[in-house]
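K.L.:
Fold the stuff below for me.
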Amino acid sequence: MRRPTAFRRITASALALSLTFALTAPSIAQAEAPVDVAAANTRPQQWGLARHAMVAAANPLAVEAGVEVLRKGGSAVDAAVAIQAVLGLVEPQSSGLGGGGFMIYYDARTRKVTAYDGREMAPSGASNHLLVDDGGKPLPFVDAVLGGISTGVPGAVAMLDMAHRDHGKLAWGSLFGKAHELAADGFIVSPRLAGMIKSRAPQASSPDAVRYFTKPDGTRYVAGDRLRNPAYAQTLERIAKFGASGLLTGPVAQDIITRLHEGPRPSTMTLADLAAYKPRSGPALCNPYRTYVVCTPESPSGGLGLQVALGLLAHTDINTRSASDEKAWFQFAQASRLAYADRDRYVGDPAFVKVPEQGLLDPDYLASRAALIGERAGPVSFGMPRGAPVNGPDATAEPGGTSHFVIIDTQGNVVSMTTTVESIFGSGRMVDGFFLNNQLTDFSFSPRDQDGAPAANAPAPGKRPRSSMAPAIVLTPQGKLVAAAGSPGGTSIQAYNLKVLVAMLDWKMTPQDAVALPNLVAKGDAFNADKFPEPIMAGLAARGMPLSTGRGEESGLQAVVVTPKGYLGGADPRREGVARGF
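P.N.:
Below you'll find the model as predicted:
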């Protein structure tokens, strides 16, 4: 379907920096709001308060684009299209036109929450031996990532196209102006992008990345340089004109296929695979948590794992504790371990495998699993919920990456979206100004166990790999908006999102304080964490849970809550995001 395009030169605006912010966050004292205000240890340059509309995203340029759309009367989905287009340009290490994502949408009028699945898909020529060598052994992760086999059919643009047809207000073609301007005229390289350009990630040294990030004088781009990407601008013109078909058919699609068939471990992807891609939509997975209702996407997203973790914590007294209580963090970590064990065993693409969702969320099952939290850390294994299939063990290697944003428009509609190209710069392969994802390395590298039982997340033609992405929206039982949140971070996303929801809903923290808390990612026998205060570290060690703090756990949380004075948003201090509105 041909769509009108409307590229207009847009001068840079002030990103609503004239908003009046108090020195401390405003008090939140109503039944719908989960937060009482902590004092001002938030970062004023990151958190924001707005009366009418709010955007929280990982890059200020993307936030500016979203706010601009909302000021013009655009919907939350309209703003999401503009934000994704900018993020794919200024934050290409995390997401882009060549990637996928999950979105949940809250309709303020109907109070319904819809989940959109734009997860990448394996080509029709893929097999369950996609990630093993000729001898049947799992490929080295780097070899798989850099090969053409790592790329799935991209779904983010198709998902946004579908959501826009459902909930858009402004013309699709009018939503790419800011991204087009930044691509054609250039944008200033941020410190985070500069760090990724010089990183030791193999994708940063790929021929395509080196070519893109090298200046005419032979040096790499650094923070403060202006980077132009006219090829990206041209690709946006096709997408603005033709919708997702501008990416998945025609010359851009041919360029994708050509690039994936080059070099080591070529892909089997065809033009027919690209043209056949269809996003999914349907009711979100919504479950009670104490006095709230938390909504996430369905499998193969990380929504079910997050819901299981919340269901386990509902059987604890973590809500009577605080972030300074080591037992609260112990309960948090134990619930995380149990939920991860179940997720890894049972969650895959429900179009291909039986996911025992009802069994995992059954109150009796959750109560029995929560009883295992105990007082000391011990071995953790998966449970046997009702309807559980016989699956083999999981061998999925899921590195950190990705981006998240939250949008609330002037009508109170909400988008919470997590978007990704998987690893840093995806596969390192680039076409027409954007990087291609390496999302198929989110499949299990071992498709079966020694007895032949298949892993739930084994590769298969047309299958979508399991994801940890779990954008969340929180409501009252009556369906009124309370909060929205989400994070990037690979397999750690489940723990990051759990942390921010517990912090806001149970510990009554502001969004900025909640996202800034130290991260603790407990999975199996590994307890990776940021540096915690010494009493908490010592207390957890005494419970058999010594924290490994060799490197910080790098989340990229965005969160917004409803307050009597408007929308209060926070952005993770580990990244460059801000929360702004009007």
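K.L.:
Now do the SS call for Met504.
P.N.:
The three-state label given to Met504 by DSSP: H, G, I helix; E, B strand; the rest coil is helix.
K.L.:
Surely it and Ala559 touch.
P.N.:
Yes - using C-beta atoms under 8 Å, Met504 is in contact with Ala559, at 6.6 Å. In this view, the C-beta of every residue, glycine as well, is placed from N, C-alpha and C.
K.L.:
Compare neighbour counts for the two and give me the winner.
P.N.:
For Met504 and Ala559, the more surrounded residue by other C-beta atoms under 10 Å is Ala559, and the numbers stand at 34 against 28.
K.L.:
Just say helix, strand or coil for that one.
P.N.:
When classified by three-state DSSP, Ala559 comes out as strand.
K.L.:
and it, what does it touch?
P.N.:
By C-beta atoms under 8 Å, 6 or more residues apart in numbering, the contact set of Ala559 is Ala56, Val406, Ala483, Ala484, Ala485, Val500, Met504, Pro511, Ala514, Val515, Gly569, Gly570.
K.L.:
quick one on the thing from earlier: return every residue with contacts to both of Met504 and Ala559.
P.N.:
Common neighbours of Met504 and Ala559, using C-beta under 8 Å, 6+ apart, are Ala483, Ala485, Pro511, Ala514.
K.L.:
any idea how far Val293 is from Ile473?
P.N.:
Going from Val293 to Ile473 by C-beta to C-beta, to the nearest Å gives 9 Å.
K.L.:
Which one's more surrounded, the two?
P.N.:
Ile473 (26 against 19).
K.L.:
Show me what counts as buried in the helix or strand that one falls within.
P.N.:
For Ile473, the host element (DSSP states H and E) is strand 472-475. For strand 472-475, burial by neighbour count (16 or more other C-beta atoms under 10 Å) applies to Ala472, Ile473, Val474, Leu475.
K.L.:
So for the helix or strand immediately after it in the chain, mean pLDDT?
P.N.:
Counting by DSSP H and E, the element after strand 472-475 in chain order, helix or strand, is strand 481-486. The pLDDT scores in strand 481-486 average 98.
K.L.:
CA atoms only for the very next helix or strand once past strand 481-486, dumped as CSV, please.
P.N.:
Sequence-wise, the next helix or strand downstream of strand 481-486 (DSSP H and E) is helix 493-501. What follows is the C-alpha trace of helix 493-501 in CSV, where atoms were taken according to Å, rounded to 0.1, in the frame of the first residue of the first chain:
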residue,chain,number,x,y,z
ILE,A,493,16.2,-7.9,31.6
GLN,A,494,14.0,-10.1,33.8
ALA,A,495,15.9,-9.2,36.9
TYR,A,496,16.1,-5.5,35.9
ASN,A,497,12.4,-5.2,35.4
LEU,A,498,11.6,-7.1,38.5
LYS,A,499,13.8,-4.7,40.5
VAL,A,500,12.1,-1.6,39.2
LEU,A,501,8.6,-3.0,39.8
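K.L.:
Helix 493-501 to strand 481-486, inter-axis angle?
P.N.:
Interaxial angle, helix 493-501 versus strand 481-486 (axes from the mean of the first three to the mean of the last three C-alpha atoms, to 10 degrees): 150 degrees.
K.L.:
helices and strands around helix 493-501, which ones?
P.N.:
Secondary-structure packing of helix 493-501 (3 or more C-beta pairs under 8 Å, 6 or more residues apart in numbering; DSSP states H and E): helix 303-313, helix 326-346, strand 472-475, strand 481-486, helix 511-516, strand 520-523.
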